[in-house]
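Colleague: Please find the sequence and the predicted model below.
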Amino acid sequence: MLALALTLHLLAAVMWVGGMFFAHMLLRPVAAQVLEPAPRLSLWAGLFKKFFAWVWVSIGLLWSTGLWLLFTAFGGMKLAGLYIHLMLTTGLVMTLVFSYLFFRPYPRLRQAVAIQEWPAAAEQLAKIRLLVTINLTLGLLTLAIAASGPYWGL
């Protein structure tokens, strides 16, 4: 069961953080270069619809497997190393940032795209981009902590 929980936890983290890296670092600059605002904003609205469904799956897997691991493999909050507490903290912040993104600027982006209000859609996309930048940074930090935390003596 431990191997399965660790595997699911890692795959969920890779799906979320890897998806953000791809979208932000690779797709975004190319889309901005080759697409006019209307198709570019429509692309993002459609992409987010599919990606965000997977992010929710990832969040569910990360929290369920992470808490299970914390209380079965790491002995609970009191015995867990500092690196585990750091991952919990960054994971909580990432979940809150994503929840805000999903329930505030994302519906506004979808609505603006639906009624073809391109400046309003671009404004919401800029907010989403900032939030994704924050979560991508936190996600990469969390992966680094997960991989090397025990070796730093954390």
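Modeller: Nice, I can see it.

Colleague: And the helices in this protein?
Modeller: If DSSP state H is used as the criterion, the helices of the chain fall at 2-21, 28-34, 37-72, 82-103, 105-114, 118-148.

Colleague: pLDDT weak spots in this protein?
Modeller: Low-confidence regions of the chain, defined here as pLDDT under 70, cover residues 154.

Colleague: circling back: export the helices of the chain to JSON lines and tack on mean neighbour count?
Modeller: Every residue, glycine included, has its C-beta placed from N, CA and C. Listed next are the helices of the chain as JSON lines, based on neighbours: other C-beta atoms under 10 Å:
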{"stretch": "helix 2-21", "mean neighbour count": "16"}
{"stretch": "helix 28-34", "mean neighbour count": "11"}
{"stretch": "helix 37-72", "mean neighbour count": "16"}
{"stretch": "helix 82-103", "mean neighbour count": "16"}
{"stretch": "helix 105-114", "mean neighbour count": "18"}
{"stretch": "helix 118-148", "mean neighbour count": "17"}
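
Colleague: Would you list the phi and psi of Gly76?
Modeller: Note on Gly76: its backbone torsions stand at phi 90, psi 180 [degrees, to the nearest 10].

Colleague: Could I get the contacting residues of the residue lying closest to it once chain neighbours are set aside?
Modeller: Here the nearest residue to Gly76 in space, its sequence neighbours aside, is Leu70; by C-beta to C-beta, 6 or more residues apart in numbering that works out to 6.7 Å. Taking C-beta atoms under 8 Å, 6 or more residues apart in numbering as the contact definition, Leu70 lies against 76-77, 80, 84, 88.

Colleague: I appreciate the help and will end here.
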